Every structure is written in structure tokens, then in C-alpha cells.
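Participant: okay, sequence plus prediction incoming.
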Amino acid sequence: MRRKAREAEKNARQAIEAGKARTDDATRRTQEKYGDIKATAKGKVEETGQELTERARQSAYAAQAKLDEYKSAAEKSLVDARKASERKYEETKDTATQKAEEAKNSGWRLFGFGSQKAEETKKEVAESTK
């Protein structure tokens with residue numbers, strides 16, 4: 001009986017050792033799978049982070065380009081408006097100067113005509129008194 005008891009005890013120890021070995025092996029495989037999954041997830045997170053960073057950079061670049069475009073268009077409009085205003089000012093100034101010159105010339109002509117008439121009248125009076 002002792003022999004059978006020893007054999008049973010030996011078989012039980014072997015079964016326990018085999019169970020421990022299987023448990024250790026399963027634990028090791030599970031840890032490896034966890035490590036692989038963790039590495040894959042970390043890689044995906046980093047990749048997604050890089051993609052989001054790149055998208056944000058591209059969006060910022062596009063927004064800056066639009067801002068520069070709008071700024072340039074506004075500056076051009078301002079320059080065009082200033083030029084148009086200056087051109088209109090010069091045209092108005094030239095027209096006013098021309099009108100003033102015409103009025104001045106008309107006045108001198110009238111004054112000159114009046115002077116000329118006065119001179120003619122003086123001559124006529126002088127001749128008739130002679």
C-alpha cells in the first residue's frame with residue numbers, strides 16, 4: 001500500500017507540476033499577447049496623434065494662406081480706392097481751375113471790352129470837341 005500511496009502522491013505531484021506549468025505557460029502567452037496588443041495600440045495612438053498634428057498644421061497653413069489672400073485683396077482695394085479718389089480729386093481740381101480761369105478770362109474780356117469802349121468814347125468826345 002505504501003507503494004501505491006507513494007505512486008499516487010507522485011502522480012499528484014506530477015499533475016500539480018503539469019498544471020503549474022500549463023498555468024505558467026498560459027500566463028506567459030497572455031502577457032505576450034497583452035504586450036503585443038499594448039504595442040499595437042500605442043503605435044496606433046502615436047500614428048493617430050501624428051495624423052491629427054499634420055491635419056492641424058495643414059489647417060493652420062490653409063487658414064494663414066486665406067488670411068494673407070484676404071489681407072492682400074483688402075490692401076489692393078484700399079490702394080485702388082485711394083488711386084480712384086486721388087484721380088477724381090485731380091479731375092475735380094482741374095475742372096475747377098479751368099472754370100475759374102474761364103471766369104477770370106470772361107471778366108477780363110468784359111473789363112477789357114468796357115475799357116475799350118471807354119477809350120473809343122473818349123476819342124469820339126475829343127474829336128468832336130476839336
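Facilitator: Happy to help now that I have it. Residues are numbered from 1 along each chain as shown.
Participant: can you give me the helices for the chain?
Facilitator: 2-129 (DSSP state H).
Participant: any low-confidence regions in it?
Facilitator: 105-126, 128-130 (pLDDT under 70).
Participant: 90 instead, please
Facilitator: 1-13, 15, 18-19, 92-130 (pLDDT under 90).
Participant: which residue is nearest the centroid of it?
Facilitator: residue 67 (2.2 Å; CA atoms, centre = their mean).
Participant: any idea how far that residue lies from residue 79?
Facilitator: 19 Å (CB to CB, to the nearest Å). Bear in mind the C-beta positions are built from the backbone N, C-alpha and C, glycine included.
Participant: equivalent analysis for residue 66, please.
Facilitator: For residue 66 relative to residue 79 (CB to CB), the value is 20 Å.
Participant: likewise residue 43?
Facilitator: Counting by CB to CB - residue 43 and residue 79 are separated by 53 Å.
Participant: ok, now residue 42?
Facilitator: Taking CB to CB, one finds residue 42 at 55 Å from residue 79.
Participant: with residue 56 instead?
Facilitator: For residue 56, the distance to residue 79 equals 34 Å [CB to CB].
Participant: and what of residue 5?
Facilitator: 109 Å.
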